[in-house]
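Student: pasting the sequence and the predicted model now:
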Amino acid sequence: MLEIRQTEGLIDLSDGELIRLFKEGDQKAFQQLALRYMFVIKRKAGDFQNIGIDPDDLIQEGFLGLYSAVNTYSEAGKASFRTYASVCIRNRMVSAVRSASREICAEELTEDIPIKSEDEPENSFIIKENFARLMKRIETSLSKSEKKVLSLYLEGKSYDEIAAELNKSRKFCDNAMQRARKKLSINN
């Protein structure tokens, strides 16, 4: 078993090692992954510019997509974590765009957005600040049932699976997720 290290000591670990540490309870491992994948999140958010959604909202959705990827990734799968995380991040953003009643044509999006390196100190600070703000919003804004449904959803479970696990209706789970999304929206 890997020992829990400070964020600075985590920089040389592989994505797989960081995922294992996070699943063992090391929050700093997720912070390191967030630093590593910030450029992916920014690039994907840049793909959706000028469509009426605040870039900060999309970045927050990207963090949720990364969090979901970390919780659901299996090394037994065929895709690398980087590929899997990129898909989860993008899917999360597309869902946010769709929920904002906007139609997106994925073929028209470009990947040529210039971005800053994730190694720059200001990006590290921003990532830590955004992650802390997101976690605080989750803790203070959501009800116990909303947190539980969100947690299970981010683990990759469907509404039907969540409903079965919580012994609730599918509609209850859907409503809880809609309330959680609304409460976590930056515009609220």
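Tutor: Cool, got the structure.
Student: report the central residue of the protein.
Tutor: Most central in the chain under CA atoms, centre = their mean is residue 64, positioned 2.0 Å from the mean C-alpha point.
Student: what about that one, helix or strand, and which?
Tutor: Following DSSP states H and E, one finds residue 64 within helix 55-72.
Student: and for the nearest residue to the residue nearest to the centre of the chain once chain neighbours are set aside, the neighbour number?
Tutor: In space, and not counting its chain neighbours, residue 64 is closest to residue 92: 5.6 Å by CB to CB, 6 or more residues apart in numbering. For glycine as for every other residue, the C-beta is placed from the backbone atoms N, C-alpha and C. Residue 92 has 24 neighbours, counted by other CB atoms under 10 Å.
Student: quick check, pLDDT for residue 92.
Tutor: Reported pLDDT at residue 92 in the predicted model: 88.
Student: returning to that earlier point: distance check, the residue nearest to the centre of the chain against residue 141.
Tutor: 14 Å (CB to CB, to the nearest Å).
Student: residue 88 too?
Tutor: Taking CB to CB as the measure, residue 88 falls 23 Å from residue 141.
Student: between those two, who's got more neighbours?
Tutor: For residue 88 versus residue 141, the count of surrounding residues by other CB under 10 Å is larger for residue 88: 24 against 15.
Student: which residue is the nearest non-sequential neighbour of the more buried one?
Tutor: Counting by CB to CB, 6+ apart, the residue nearest residue 88 is residue 69, at 3.8 Å.
Student: so the one you found makes contact with residue 83?
Tutor: No. At 10.0 Å, residue 69 does not count as touching residue 83 under the criterion of CB atoms under 8 Å.
Student: tell me the phi and psi of the residue sitting furthest away from the middle of the chain?
Tutor: Distance from the C-alpha centroid of the chain, by CA atoms, centre = their mean, peaks at residue 167 (26.2 Å). Main-chain dihedrals, residue 167, degrees, to the nearest 10: phi 60, psi 40.
Student: since that was my last question, I'll sign off now.
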